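Colleague: fold the following.
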Amino acid sequence: MKLEFENPSALIYYNPEIHCIEVHWNSTDLFRFEEYKEVLNQGLKLLILHQTNKWLADTREISRISVEGKDWLERDWFLRVIKSIKKIRIAILLPYSPLTKLSIDHTLNIDVLEQKYFQELDEARGWLKKA
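Modeller: Next up is the predicted model:
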């Protein structure tokens with residue numbers, strides 16, 4: 001895997017074995033909206049650059065997403081993804097925190113994408129590899 005981007009909130013890799021963008025969120029004390037946007041915007045650029053529609057979100061360590069973050073994701077980022085990629089397949093490694101898990105489940109309840117939730121990284125990668 002090749003590290004493509006990093007900030008205090010996450011690392012983004014391109015995984016050529018499964019032709020996928022992988023976002024590995026870091027544990028932070030507080031949700032940082034600007035860093036969150038930066039990660040997702042860089043990830044979208046990498047989806048386009050690598051001409052893939054596969055995204056792995058390792059949210060096991062992510063901080064709870066704010067209402068502002070959820071709104072931005074649904075009203076801005078996903079609309080740009082749909083315009084650029086048309087259809088996206090997302091494998092999500094669920095957070096360890098039950099409250100954060102609820103936040104993720106709600107955030108990604110959008111009909112225009114194919115998503116599946118996982119507990120194990122290998123399972124998530126296997127699902128994306130089959131696509």
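Colleague: on the three-state scheme, the residue lying farthest from the centre of the chain is what?
Modeller: Within the chain, the residue lying farthest from the chain centre (C-alpha atoms, centre = their mean) is D29, at 19.2 Å. Per DSSP: H, G, I helix; E, B strand; the rest coil, the secondary structure class of D29 is coil.
Colleague: let me know the pLDDT of it.
Modeller: Listed pLDDT for D29 reads 71.
Colleague: quick check: closest non-adjacent residue to it.
Modeller: In space, and not counting its chain neighbours, D29 is closest to S63: 7.3 Å by C-beta to C-beta, 6 or more residues apart in numbering. Where C-beta positions appear, they are placed from N, C-alpha and C, glycine not excepted.
Colleague: pretty sure that neighbour belongs to a helix, no?
Modeller: No - applying three-state DSSP, one finds S63 to be coil, outside a helix.
Colleague: list the contacts for it?
Modeller: Going by C-beta atoms under 8 Å, 6 or more residues apart in numbering, S63 touches 9, 27-32, 100.
Colleague: for the residues you listed, work out which two are farthest apart.
Modeller: R32 and T100 (14.5 Å; C-beta to C-beta).
Colleague: Y117 in helix, strand or coil?
Modeller: Y117 ends up strand, using three-state DSSP.
Colleague: bridged to it, which residues?
Modeller: In this entry, Y117 is beta-bridged to I92, by DSSP bridges.
Colleague: how about L11?
Modeller: Taking DSSP bridges as the rule, L11 bridges to E6, H24.
Colleague: tell me the pLDDT of it.
Modeller: 97.
Colleague: between the contacts of S63, which has the most around it?
Modeller: S9 (22 neighbours; other C-beta atoms under 10 Å).
Colleague: what about the closest residue to that residue other than its chain neighbours, which SS state?
Modeller: Spatial nearest neighbour of S9, chain neighbours left out: E35 (4.0 Å); criterion: C-beta to C-beta, 6+ apart. The three-state label given to E35 by three-state DSSP is helix.
Colleague: might one say that E35 is in contact with W25?
Modeller: No - using C-beta atoms under 8 Å, E35 is not in contact with W25, being 10.1 Å away.
Colleague: give me the common contacts of these two.
Modeller: 9-10.
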